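# Provided below are the primary sequence and the corresponding predicted coordinates.
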Number of protein chains: 2
Amino acid sequence: MNVIRTIAEARAFIQARQHEGSGAVGLVPTMGYLHEGHASLMRKAREMCGTVVVSIFVNPIQFGPGEDYETYPRDEARDLALAEAEGVDAVFIPSVEEMYPQPTKTKITVAEITSLLCGASRPGHFDGVTTVVSKLFHIIKPAYAFFGMKDAQQVAVIEQMVRDLNMDVSIVPCPIIREQDGLALSSRNVYLSPEERRQALVLSGSLKAAQAIIEQNPEVTAGEIRTMLREHITQSPLADIDYAEVLTFPELSPIADSEQALGTDRGVIMALAVRFGRTRLIDNALIQPKVGDSHV
Amino acid sequence: MNVIRTIAEARAFIQARQHEGSGAVGLVPTMGYLHEGHASLMRKAREMCGTVVVSIFVNPIQFGPGEDYETYPRDEARDLALAEAEGVDAVFIPSVEEMYPQPTKTKITVAEITSLLCGASRPGHFDGVTTVVSKLFHIIKPAYAFFGMKDAQQVAVIEQMVRDLNMDVSIVPCPIIREQDGLALSSRNVYLSPEERRQALVLSGSLKAAQAIIEQNPEVTAGEIRTMLREHITQSPLADIDYAEVLTFPELSPIADSEQALGTDRGVIMALAVRFGRTRLIDNALIQPKVGDSHV
């Protein structure tokens, strides 16, 4: 496995691979501190691509003031071992100076779908994400890029950018990976105290309960689901809700309280962001319309 | 010569050319109504590249309200004939619907160097330029892209975008082409009445006079040059000055009135925008530091 620290080396590696005719390039962009969720992206990439590159870069411009850029967990040796075990061809792990030799004057902004959920709580966050992802795309030139659906809004925002800017890359969204007890895997889970970790199960628990209700009663309204999610989460005294929303997916349009949550012609996402102490966790569940429903 | 109207066709054409091993791809992005300035870009591209693509697209999102998007001159038949005569391999001439099937939610913004000159007079203009140029780069994937120095700020902005976003393309700035009497070629010159056309010579005339003064007296200050340019231009009763500026190039940093215009370690640009009736013309002159000066 190649460990690549400069943009010039990365370009040369990709060019050499393409010269060898080693098939499609797949990119798994990460911020490191890799877990089974990232591993599942690498396996999907390995399945689909002749060349798999994992990037590891804690991107300063997607963190706001007072957020956890400095303390974001890092463990390069463990990350490289995990990538190697997954049969990755190269890890691109540039320094901040390599990616931003000068502060960037250029930013990519996606309007509308970044104004709510994490975009509302973390102003500028998605500009930082789209800007760095476009840099990685321009350096690695992947045919496929793999993103976890835990960051569902991120997937929607990146798909919008790719479509609007005619980037020649296919975004492959991959399912959320969970602990046995339901907690969605996140590099930030390491911040949780044992008690916070226990109470954090209200995220997946509330989503599961809401899904069960929707299955039993497809006419349930978005407002009823919102109330249900909030009531479930507030059972945990440590939980501080940032948002608990029901939206269309991937457009992320609001669904009125009085409107039926489930649509026949659109996906629905239930999306949560909840703080436990200083740790902000997100989770979501997506309900896609059943094929054929719209033809009844 | 191929005339290509869809993005899918453009991608297929480029892929086929690269498959044939026909060398570097050069892109000349234009808004059409081609003149000798554009032709000089095509010749430079032909010199440097195995495949030359000219794009013709009057990009609505770089025009502000009340600007000349609707009336911008168009002549497809003449444009295609000119491109063909220059030995261009393909003209990419998409419709607005092809480039913007939905209104774009994604924009690329370059800060600081877009806040003055044309950026100040035309808010949002450069966001429209960088956004469409990035789309064209993603569709055509040129190794080289050719831009005229008449739009010097545009060159600086695009070079900044390319650097910040790690786009794998070299920007090739090409010299301003002028009429015999000095008027810089522009598709918008066609708007001028005969009297406006005559008076418009104050743009190139004032720049030439300023250059002569700088050559005679290298200590002349930026303020003296600004005054000189304005005095020269206002000799034309129809001229309405938008700006007459002296800045560093390519950073486009202001030079104080009291400071010497000419630098030993930086380029200087004198940049003009002047209205004649409803027509806004731009022109500029660049003075690069003499090699060796900084080692004296």
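Arrived safely, thanks for sending.

# residues touching the residue of the stretch 1-150 of chain A found nearest chain B, list them.
Chain B sits closest to residue A:106 of the stretch 1-150 of chain A, with a gap of 3.6 Å, by CB to the nearest CB. For every residue, glycine as well, the C-beta is placed using N, CA and C. Going by CB atoms under 8 Å, 6 or more residues apart in numbering or on different chains, residue A:106 touches A:131, B:108-111, B:130, B:160-161, B:164-165.

# So which of these sit within strands?
B:108-110 (DSSP state E).

# So what touches stretch A:242-259?
Residues from elsewhere that reach stretch A:242-259 (CB under 8 Å, 6+ apart): A:112-113, A:116-117, A:120-121, A:152-153, A:155-156, A:159-160, A:206, A:221-223, A:225-226, A:229-230, A:233, A:261, A:263, A:266-275, A:280, A:286.

# rerun that using 7 Å as the cut-off
A:113, A:116-117, A:121, A:152-153, A:156, A:159, A:221-223, A:225-226, A:229-230, A:233, A:261, A:263, A:266-275, A:280, A:286 (CB atoms under 7 Å, 6 or more residues apart in numbering or on different chains).

# pretty sure residue A:117 is touching residue A:269, no?
No - using CB atoms under 7 Å, residue A:117 is not in contact with residue A:269; the gap is 9.2 Å.

# joint contacts of the two?
In contact with both residue A:117 and residue A:269: no residue, using CB under 7 Å, 6+ apart.

# sorry, back to before: so the residue of the stretch 1-150 of chain A closest to chain B bridges to which residues?
Here residue A:106 sits in beta bridges with residue B:110, going by DSSP bridges.

# repeat for residue A:260
For residue A:260, the beta-bridge partners are residue A:221 (DSSP bridges).

# quick check, the least confident helix or strand in chain A by mean pLDDT touching chain B?
One helix or strand of chain A scores below all others by mean pLDDT, DSSP states H and E: helix A:118-121, with a mean of 94. No - counting by CB under 7 Å from any CB of the partner chain, chain B is not contacted by helix A:118-121; separation bottoms out at 12.2 Å.

# Please identify the buried residues of that helix?
Within helix A:118-121, the residues that count as buried by 16 or more other CB atoms under 10 Å in any protein chain shown are A:118-119.

# ok so, going back, most neighbours out of the ones in strands among the contacts of residue A:106, which is it?
residue B:108 (28 neighbours; other CB atoms under 10 Å in any protein chain shown).

# which residues touch residue A:188?
A:279, A:281 are the contacts of residue A:188 under CB under 7 Å, 6+ apart.

# Model confidence score at it, please.
For residue A:188, the pLDDT comes out at 96.

# That one: what secondary structure?
Three-state call for residue A:188 (DSSP: H, G, I helix; E, B strand; the rest coil): helix.

# Now do the strands in the stretch 151-296 of chain A.
Secondary structure of the stretch 151-296 of chain A, counting by DSSP state E, counting those that start in this stretch: strands at A:170-174, A:239-249, A:267-276, A:279-287.

# Please list the residues of chain A that sit near chain B.
Within reach of chain B by CB under 7 Å from any CB, chain A has these residues: A:7, A:104-113, A:134-135, A:138-139, A:160-161, A:164-168.

# Can you give me the domain boundaries for chain A?
Here the domain assignment for chain A is A:2-174, A:187-289, based on automatic domain parsing.

# Can you say which of the ones you listed is nearest to residue B:69?
Of all these, the one in closest proximity to residue B:69, counting by CB to CB, is domain A:2-174 (19.6 Å).

# Span of that closest one from start to end?
End-to-end distance for domain A:2-174: 25 Å, by CA to CA, to the nearest Å.

# do stretch A:155-173 as well
Rule used - CA to CA; the end-to-end distance of stretch A:155-173 is 7 Å.

# what sits up against stretch A:217-237?
For stretch A:217-237, contacts defined as CB under 7 Å, 6+ apart pick out A:199, A:202, A:205-206, A:209-210, A:213-214, A:239, A:241, A:244, A:246, A:255-262, A:270, A:272, A:274.

# all helices in chain A, in order from the N-terminus.
Using DSSP state H, the helices of chain A run over A:7-19, A:36-48, A:76-85, A:96-99, A:118-121, A:125-140, A:152-164, A:194-199, A:201-216, A:222-234.

# Just list whatever residues bridge to residue A:287.
Going by DSSP bridges, residue A:287 forms beta bridges with residue A:268.

# and the residue most central in space within chain A, what is it in contact with?
Centroid check for chain A by CA atoms, centre = their mean gives residue A:151 as the closest residue, at 2.7 Å. Not one residue lies near residue A:151 by CB under 7 Å, 6+ apart.

# any idea how far residue A:245 is from it?
Between residue A:151 and residue A:245 the distance, using CB to CB, to the nearest Å, works out to 15 Å.

# Repeat that for residue A:98.
Following CB to CB, the distance that separates residue A:98 from residue A:245 is 37 Å.

# the more surrounded of these two?
Taking neighbours as other CB under 10 Å, residue A:98 and residue A:245 compare with residue A:245 leading, 22 against 16.

# Relative to chain B, how far out is that one?
Using CB to the nearest CB, to the nearest Å, residue A:245 is found at 19 Å from chain B.

# ok, what's across the strand from that residue?
With DSSP bridges as the criterion, residue A:245 is bridged to residue A:271.

# who's in contact with residue A:203?
Counting by CB under 7 Å, 6+ apart, residue A:203 makes contact with A:272, A:274, A:281, A:283.

# Among the contacts of stretch A:217-237, name the buried ones.
Of the members of these, the ones counted as buried by neighbours, 16+ other CB under 10 Å, are A:199, A:202, A:205-206, A:209-210, A:214, A:239, A:244, A:246, A:255, A:260-262, A:270, A:272, A:274.

# re the thing from before, can you list the helices of chain A in CSV and add distance to residue B:89?
Below are these laid out as CSV (distance: least, CB to CB, whole Å):
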stretch, distance to residue B:89
helix A:7-19, 23
helix A:36-48, 33
helix A:76-85, 42
helix A:96-99, 35
helix A:118-121, 43
helix A:125-140, 24
helix A:152-164, 27
helix A:194-199, 61
helix A:201-216, 54
helix A:222-234, 54
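
# and the residue of the stretch 151-296 of chain A found nearest chain B, how many neighbours does it have?
Scanning the stretch 151-296 of chain A for the residue nearest chain B gives residue A:164, at 3.6 Å (criterion: CB to the nearest CB). By the criterion of other CB under 10 Å, residue A:164 has 23 neighbours.

# Who are the packing partners of the least confident helix or strand of chain A?
Helix A:118-121 makes packing contacts with helix A:125-140 when contacts are defined by 3 or more CB pairs under 7 Å, 6 or more residues apart in numbering or on different chains; DSSP states H and E.

# redo that, cut-off 8 Å
With contacts taken as 3 or more CB pairs under 8 Å, 6 or more residues apart in numbering or on different chains; DSSP states H and E, helix A:118-121 sits against helix A:125-140, helix A:152-164, strand A:239-249.

# Make a markdown table out of the ones you listed and add mean pLDDT.
Supplementary listing: those in a markdown table, determined by pLDDT from 0 to 100:
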| stretch | mean pLDDT |
| --- | --- |
| helix A:125-140 | 98 |
| helix A:152-164 | 98 |
| strand A:239-249 | 97 |
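
# and those as TSV, adding distance to residue B:64?
TSV is the format used below for the helices and strands packed on helix A:118-121 (distance: least, CB to CB, whole Å):
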stretch	distance to residue B:64
helix A:125-140	23
helix A:152-164	20
strand A:239-249	32
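
# I'd like to know which of those lies nearest to residue B:94.
Proximity to residue B:94, assessed across these by CB to CB, is greatest for helix A:152-164 (14.7 Å).

# Run the chain-centre distance for that closest one.
11 Å (CA atoms, centre = their mean, to the nearest Å).

# same thing with stretch A:75-90?
Averaging C-alpha positions (CA atoms, centre = their mean) puts stretch A:75-90 20 Å from its chain's average.

# try stretch A:226-244
Distance of stretch A:226-244 from its chain centroid, counting by CA atoms, centre = their mean, is 22 Å.

# show me what contacts residue A:156?
A:113, A:249-252.
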